[in-house]
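> What shape does this take:
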Amino acid sequence: MHVHDSVVIGAGQAGLSASFHLTRLGIDHVLLDADRHAGGAWQHRWDSLTMDDVHGVADLPDSPAPGRGDARANTVIAAWFAAYERDKGLPVIRPVRVDAVRSDGDLLVVEAGERRWTTRTVINATGTWTRPFIPFYPGIEEFAGEQLHTATYPGRDHFRGRRVLVVGGGASAVQFLGELRPVTDTLWVTRREPVWSQGGEFDGRAAIRKVLERVREGRPPASVVSVTGLRLRPQEERAAALGAYQRLPMFDRIEAHGVRWHEPERFEPVDTILWATGFRPAVAHLAPLHLTSEHGGIRLLAGGEDVQSATTAAADPRVQLVGYGPSASTIGGNRAGRAAARAVGRQLGRE
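Sure thing, here's the model as predicted:
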């Protein structure tokens with residue numbers, strides 16, 4: 001039985017960064033990825049998302065990110081990831097969908113169907129894309145129209161001629177409304193009044209520090225947008241002029257052909273409900289390790305001055321989480337990948 005020094009789970013940006021730094025440090029490892037092709041979650045994003053639309057993609061270690069333009073992000077970034085794996089000689093094995101990670105004395109066992117990898121440490125980089133979240137509302141099963149989530153968004157042409165209800169108060173909802181309102185009728189509902197950025201210079205470190213505070217306490221991580229506010233990009237100004245961002249409070253019930261509010265009484269017919277309600281961390285396979293705190297999240301140990309270097313699970317320092325909480329961004333994933341590799345080195349006594 002070969003015992004690896006580390007197993008990295010997930011070959012998105014955070015996983016690739018972690019694998020690069022493990023390789024640089026001479027730490028024996030494998031990189032397991034559930035997809036058949038390189039590209040992480042980016043390969044599954046909608047075709048209308050161009051490189052100009054994304055909020056920036058950070059460089060990978062030793063590899064600059066693709067530039068902006070009108071090319072499809074899901075093909076450009078997937079090709080970049082594939083070339084990176086090849087050029088850096090990363091030990092990727094795919095497709096491997098991990099079912100569980102279990103403790104076996106001083107070692108960890110990564111299980112995927114009938115396959116097993118025994119390791120001294122694990123770096124988890126599974127992100128959130130595979131866990132779309134749709135809240136339950138009365139009557140949701142009665143709706144006769146179409147219900148879609150961000151994860152299955154097919155592009156704006158699919159919605160022409162339909163009245164679309166966009167649910168959610170995050171950046172994705174704002175972007176969808178920006179695409180859809182110029183070509184069809186839309187409504188926007190959110191649980192809370194949207195918080196719009198007041199302008200000025202964006203302090204990303206301060207925003208991420210607020211997210212870090214939650215994971216240090218063992219609470220489920222919140223989105224960065226929840227602490228920074230929403231902004232309209234130039235391509236969304238036309239939708240704003242058409243009234244796309246006149247928000248309604250959450251409805252009380254879904255009916256066959258629309259949604260209803262009780263106080264005051266109101267009904268709005270809709271053909272499609274687009275749930276831009278976010279994702280949850282894909283960490284169910286870590287459940288046998290009992291990492292979750294009483295607050296419902298995985299508590300991470302303090303990461304020093306760099307708020308995105310908090311990667312070590314407090315309940316089991318053999319496990320590092322990258323792309324979780326404060327590192328759930330392309331920049332954060334890169335920084336966390338390096339921090340996790342260093343933490344693995346310390347765990348192995350090879351600092």
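> From now on I want contacts and neighbour counts done on CA atoms only, so please keep to that.
Will do.
> if you average pLDDT over stretch 41-50, what comes out?
Averaged over stretch 41-50, pLDDT sits at 89.
> and if you look at stretch 64-72?
According to the model, stretch 64-72 has a mean pLDDT of 89.
> In it, which residues are buried?
Using 16 or more other CA atoms under 10 Å as the test for burial, stretch 64-72 gives 65, 66, 72.
> Which residues are in contact with the second one?
Same thing as residue 66. 57, 76, 77, 80 (CA atoms under 8 Å, 6 or more residues apart in numbering).
> What is the burial count for the closest residue to residue 143 other than its chain neighbours?
Counting by CA to CA, 6 or more residues apart in numbering, residue 256 is the residue found nearest to residue 143 once chain neighbours are left out, at 4.0 Å. Using other CA atoms under 10 Å, the number of residues around residue 256 comes to 15.
> Quick check: residue 256 vs residue 56, distance?
40 Å (CA to CA, to the nearest Å).
> tell me which helix or strand of this protein sits lowest on mean pLDDT?
Using mean pLDDT, DSSP states H and E, helix 225-228 stands out as the lowest-scoring helix or strand of the chain, at a mean of 52.
> Who are the contact partners of the spatially most central residue of the chain?
By CA atoms, centre = their mean, the chain has its centre lying nearest to residue 128, at 4.1 Å. Residue 128 makes contact with 279, 280, 281, 282 under the criterion CA under 8 Å, 6+ apart.
> wait, the residue nearest to residue 143 sits on residue 146?
No: counting by CA atoms under 8 Å, residue 256 sits too far from residue 146 to count as a contact (10.5 Å).
> Which neighbours do those two have in common?
What both residue 256 and residue 146 touch, as defined by CA under 8 Å, 6+ apart, is an empty set.
> Show me the longest helix that occurs in this protein.
In the chain, with assignment by DSSP state H, the single longest helix is helix 330-347.
> which residues touch that helix?
6, 13-19, 21-22, 25, 27, 57-61, 121, 123, 308-312, 317-318, 320-323, 326-327, 351.
> Just the CA coordinates for it, please, in CSV.
Backbone C-alpha positions of helix 330-347 (Å, rounded to 0.1, in the frame of the first residue of the first chain) are rendered in CSV as follows:
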residue,chain,number,x,y,z
THR,A,330,-9.6,33.2,-7.8
ILE,A,331,-7.1,35.3,-6.0
GLY,A,332,-7.9,33.8,-2.6
GLY,A,333,-7.7,30.2,-4.0
ASN,A,334,-4.2,30.9,-5.3
ARG,A,335,-3.0,32.3,-1.9
ALA,A,336,-4.7,29.5,0.0
GLY,A,337,-3.1,26.9,-2.3
ARG,A,338,0.3,28.1,-1.3
ALA,A,339,-0.6,28.4,2.4
ALA,A,340,-2.1,24.9,2.4
ALA,A,341,1.0,23.4,0.7
ARG,A,342,3.2,25.0,3.4
ALA,A,343,0.9,23.8,6.1
VAL,A,344,1.1,20.3,4.7
GLY,A,345,4.9,20.6,4.9
ARG,A,346,4.7,21.6,8.5
GLN,A,347,2.4,18.7,9.3
